[in-house]
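K.L.:
sequence plus the predicted model coming up.
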Amino acid sequence: MFWRGVLGYLPVNIVQGLVGLLTIVLFTRVLTPGQFGDYALGLSVMTLAHTAIFTWNEAAVGRFWAGESLRNGGADHAATVHRAWLGLLAVIPVAVLAAALWPMSPSLKLAVIAGLVSLVPRTFAKLGQERRRAAGEVGGSASLELIQTLGGFGFGAALAYAGFGGAAPLMGFGLASLVAVAVCARPELAKAKGGRYEPARLREHAAYGFPLAASLILTVVLSTTDRFLLAAFLDNAAVAVYHAGYSLSNRTLDVAFIWLGAAGAPAMVMALERGGREALASAAREQFSVMLLLTLPAAVGLALVARPLAELMIGPAMAAGAAQVTPLIALGGLLAGLNTYYFSEAFVLGRRSGLALWAMAVPAVANLGLNLALIPRFGIEGALWSTVISYALGVAVAIVMARKVMPLPVPWRVLGEALGAAAVMALVVSRIPDLGGLPELALKAATGGATYGAIVFALDAGRLRSRALAILQARRAGSAA
């Protein structure tokens, strides 16, 4: 199931990666630094609201559908989830009113309200995605993601050129989600046909989902607190520079983690439910190996090409500052991704979501304290160090606490091979002269990728070479048949 998901989700994640980069290229040029700062803050508010209000219900779909689908086709489960979503929508008008009354600039207010309103279609589409992902319907889940990714960028770009400022990308998200809802509404509602809303089932979902959502809120707080504090202690232009560099680095890694997590999390749940802990250990070891071997060189590579990448991708007003942000955020993004998409999965698998809350509370509180102490003194540099230290602390806490629930293996040999290959890659790339712009970026990326790939292939690290050859042979045999 894992490899089917990896291959099935690959096209959509390539698109996500390209659109993520194009988003940075376009909006850092079309929007002023102040407007880009409005977008960054509006996006942070939208993400916090989504996580705080809706995520617990979506998490229940992802965790329970595999088992519940065997009972009357999951109709009772679907009916309960949909009823809960309708009830949660009542919070949105209250949040919009609060944003309208809050004392802030009109442009920022419009961005925040646009993000909140877009949650209405976006969260229903998310339920459909989670249900399809949990059921192993790779094509259906990927199609909804593609609609929202491409549509959000297209609508957002058009609205930005039309003069809607920092609200444009957020309005684009909402319009694209409406299209996704039009595609998935009928089949998803059909799943609930004949089903009963069951308060007891909802309580079970809430008992599982609330602590998990709370832990994710802390994750979002950890990743967004710095923006609000930069705005408070500095200004929106500083937020724009920080967010541009942060997005360039973190978004690139996040696409890879989301891709592998979309395939790996359902595979681990299925392995545990149907094969027990032994099957889970095998599936987890394979997933971690692939995840590490792909994301570690990406993080190192981003740090190595930060300056030419920023010069190429980010508008001139923000490029120099963003290049300084990228290397440390690449390290933080690597730690955050491994924690979210691997180590913290132990709490999901063990249905001990309450521990996930405590595991995230420590780094979130540490991040707030570090930002308050370091940003006034060091500015953006203080925010960078706060992020890296907090994410490292989060990984350590998750590993220790997971031992009480569902300890997941760490293939140390693969870790050593990946670190060694990345170190050689960094040494080779560091010898390439600074040519500037696209020539430097292309030469360093190609050389680094070839060096790392050759070492990993020669070592057969994580059995990637063996697995790739096996898949290729199976495809050839299928074609011959």
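P.N.:
The structure has been received and is ready for your questions.
K.L.:
in the helix or strand harbouring L86, what counts as buried?
P.N.:
Using DSSP states H and E, L86 sits in helix 75-88. For helix 75-88, a neighbour-count test (16 or more other C-beta atoms under 10 Å) marks A75, D76, H77, A78, A79, T80, V81, H82, R83, A84, W85 as buried. C-beta coordinates here come from the backbone N, C-alpha and C atoms, glycine included.
K.L.:
out of those residues, who's nearest N250?
P.N.:
W85 (28.9 Å; C-beta to C-beta).
K.L.:
do I have it right that that closest one meets F124?
P.N.:
Yes: with contacts counted by C-beta atoms under 8 Å, W85 reaches F124, the gap being 6.5 Å.
K.L.:
quick one, longest helix in the protein?
P.N.:
helix 252-304 (DSSP state H).
K.L.:
point out the other helices and strands that that one packs with.
P.N.:
helix 2-30, helix 55-68, helix 106-134, helix 316-338, helix 345-349, helix 412-430, helix 437-459, helix 464-480 (3 or more C-beta pairs under 8 Å, 6 or more residues apart in numbering; DSSP states H and E).
K.L.:
please save the CA atoms from the fifth one in PDB.
P.N.:
The one in question is helix 345-349. The C-alpha trace of helix 345-349 is given here as PDB (Å, rounded to 0.1, in the frame of the first residue of the first chain):
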ATOM      1  CA  GLU A 345       2.500   9.000  14.200                       C
ATOM      2  CA  ALA A 346       3.100   6.700  17.200                       C
ATOM      3  CA  PHE A 347       0.400   8.600  19.100                       C
ATOM      4  CA  VAL A 348      -2.100   8.200  16.200                       C
ATOM      5  CA  LEU A 349      -1.300   4.500  15.800                       C
END
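K.L.:
still on that earlier bit, the helix holding L86: how far from the chain's middle?
P.N.:
Centroid separation for helix 75-88 versus its chain: 25 Å, with C-alpha atoms, centre = their mean, to the nearest Å.
K.L.:
okay, now the unreliable bits of the protein?
P.N.:
1-13, 66-70, 72-73, 262-264, 353, 471, 474-481 (pLDDT under 70).
K.L.:
please name the residues that touch G163.
P.N.:
If you count contacts by C-beta atoms under 8 Å, 6 or more residues apart in numbering, G163 has none.
K.L.:
isn't A167 up against L43?
P.N.:
No: A167 is not in contact with L43 according to C-beta under 8 Å; the separation is 10.5 Å.
K.L.:
more neighbours: those two, which one.
P.N.:
A167 (24 against 21; other C-beta atoms under 10 Å).
K.L.:
what distance do you get for the more buried one to A158?
P.N.:
Going from A167 to A158 by C-beta to C-beta, to the nearest Å gives 13 Å.
K.L.:
what do you get for P411?
P.N.:
47 Å.
K.L.:
same question for A454.
P.N.:
For A454, the distance to A158 - C-beta to C-beta - is 44 Å.
K.L.:
count of neighbours near A182?
P.N.:
12.
K.L.:
which strand or helix spans it?
P.N.:
Per DSSP H and E: helix 168-191 holds A182.
K.L.:
any idea how far that helix is from the chain center?
P.N.:
With C-alpha atoms, centre = their mean, you get 19 Å for helix 168-191.
K.L.:
what helices or strands is the helix or strand that comes right after it leaning on?
P.N.:
Following helix 168-191 in sequence order, the next helix or strand is helix 199-233 (DSSP H and E). In terms of contacts (3+ C-beta pairs under 8 Å, 6+ apart), helix 199-233 is packed against helix 33-53, helix 55-68, helix 75-88, helix 236-246, helix 345-349, helix 353-378, helix 380-402.
K.L.:
closest one to I14 among the ones you listed?
P.N.:
Here helix 236-246 is closest among the helices and strands packed on helix 199-233 (C-beta to C-beta), at 21.7 Å.
K.L.:
the inter-axis angle of the closest one versus helix 316-338?
P.N.:
Angle, helix 236-246 to helix 316-338, by axes from the mean of the first three to the mean of the last three C-alpha atoms, to 10 degrees: 50 degrees.
K.L.:
now do helix 236-246 against helix 380-402, angle only.
P.N.:
Going by the same axes, to 10 degrees, helix 236-246 makes 50 degrees with helix 380-402.
K.L.:
is there a neighbour count for G437? I'd like the number.
P.N.:
12.
K.L.:
which residues does L415 contact?
P.N.:
L415 neighbours (C-beta under 8 Å, 6+ apart): L292.
K.L.:
give me the distance between the closest residue to K191 other than its chain neighbours and L459.
P.N.:
Nearest non-adjacent residue to K191, counting by C-beta to C-beta, 6 or more residues apart in numbering: A78, 4.1 Å away. When distance is defined by C-beta to C-beta, A78 is 46 Å away from L459.
K.L.:
same question, A135
P.N.:
Applying C-beta to C-beta to A135 and L459 gives a distance of 36 Å.
K.L.:
same question for G42.
P.N.:
46 Å.
K.L.:
just L296 next, same as before
P.N.:
L296 is 14 Å from L459, by C-beta to C-beta.
K.L.:
quick one, which of these two is more surrounded?
P.N.:
L296 (20 against 16).
K.L.:
tally of neighbours for the closest residue in space to that one that isn't next to it in sequence?
P.N.:
Excluding the flanking residues, the one nearest L296 by C-beta to C-beta, 6+ apart is A418, at 4.8 Å. Number of residues near A418 (other C-beta under 10 Å) recorded here: 25.
K.L.:
helix or strand for L312, which one?
P.N.:
helix 306-313.
K.L.:
between that helix and helix 437-459, how many degrees?
P.N.:
Using the same axes, to 10 degrees: helix 306-313 against helix 437-459 is 130 degrees.
K.L.:
and helix 306-313, how far from the chain's centre?
P.N.:
Its chain's average C-alpha position is 22 Å from that of helix 306-313, according to C-alpha atoms, centre = their mean.
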